[in-house]
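Trainee: Could you work out the structure for the sequence below:
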Amino acid sequence: MEPFDRYPPQFVSVNQQRTAYIRHGEGPPLVLLHGYIGSIWNWERQIEALGRRFTLFVPDVLGQGFSDKPRIAYTPAVYIEWLRGFLDAVGVKRAHIAGNSMGAGLPLV
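Mentor: Numbers count the residues shown, from 1 in each chain. Sure, this is the predicted structure:
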């Protein structure tokens, strides 16, 4: 079964940019952030197991995957503002965050 069939992406507007994401599971919110030049599919093999304990929010970070790719400077400040906007757009006030590569550093900025 293709990943799109198991985990169909949804879309929200974040600071006037379209962001693709997967929402899956039940429990406290957990945001999974991929690294630079990654996508939501970097987490494909973890979604099912983590979704048994958490409500997962797995976005394509701005400029990556199926999310919009505006012609801007992709600075840490831009990514932080995007992450805040994403959490607001999906109605999450507080969440656990896990990431790999750039996605792991993003919440630390």
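Trainee: going forward, measure contacts between C-alpha atoms and count neighbours the same way
Mentor: Noted.
Trainee: Any stretches of this protein with poor pLDDT?
Mentor: When the per-residue scores of the chain are filtered using pLDDT under 70, the ranges that remain are 1-4, 104-109.
Trainee: longest strand anywhere in this structure?
Mentor: Secondary structure of the chain per DSSP state E: the longest strand is strand 17-25.
Trainee: For that one, name the packing helices and strands.
Mentor: Using 3 or more CA pairs under 8 Å, 6 or more residues apart in numbering; DSSP states H and E as the contact criterion, the secondary-structure elements in contact with strand 17-25 are strand 10-14, helix 44-51, strand 55-59.
Trainee: Toward the C-terminus from the helix ranked longest in the chain, list the very next helix or strand.
Mentor: Looking only at the chain and at elements set by DSSP state H, the helix with the highest residue count is helix 76-89. Per DSSP states H and E, the first helix or strand lying C-terminal to helix 76-89 is strand 96-99.
Trainee: Would you mark the buried spots in that following strand?
Mentor: For strand 96-99, a neighbour-count test (16 or more other CA atoms under 10 Å) marks 97-99 as buried.
Trainee: Now do the residue nearest to the spatial centre of the chain against Thr19, distance only.
Mentor: Within the chain, one residue has its C-alpha closest to the average C-alpha position: by CA atoms, centre = their mean, that is Pro59, at 2.0 Å. Remark: distance between Pro59 and Thr19 (CA to CA, to the nearest Å) = 7 Å.
Trainee: before we move on, what about Lys69?
Mentor: Look at Lys69 and Thr19: by CA to CA, they are 10 Å apart.
Trainee: Give the residues shared as contacts by the two.
Mentor: With contacts defined as CA atoms under 8 Å, 6 or more residues apart in numbering, the residues shared by Lys69 and Thr19 are Leu62.
Trainee: Looking at those two, which has the bigger crowd around it?
Mentor: Just comparing Lys69 and Thr19: by other CA atoms under 10 Å the higher neighbour count belongs to Thr19, 26 against 15.
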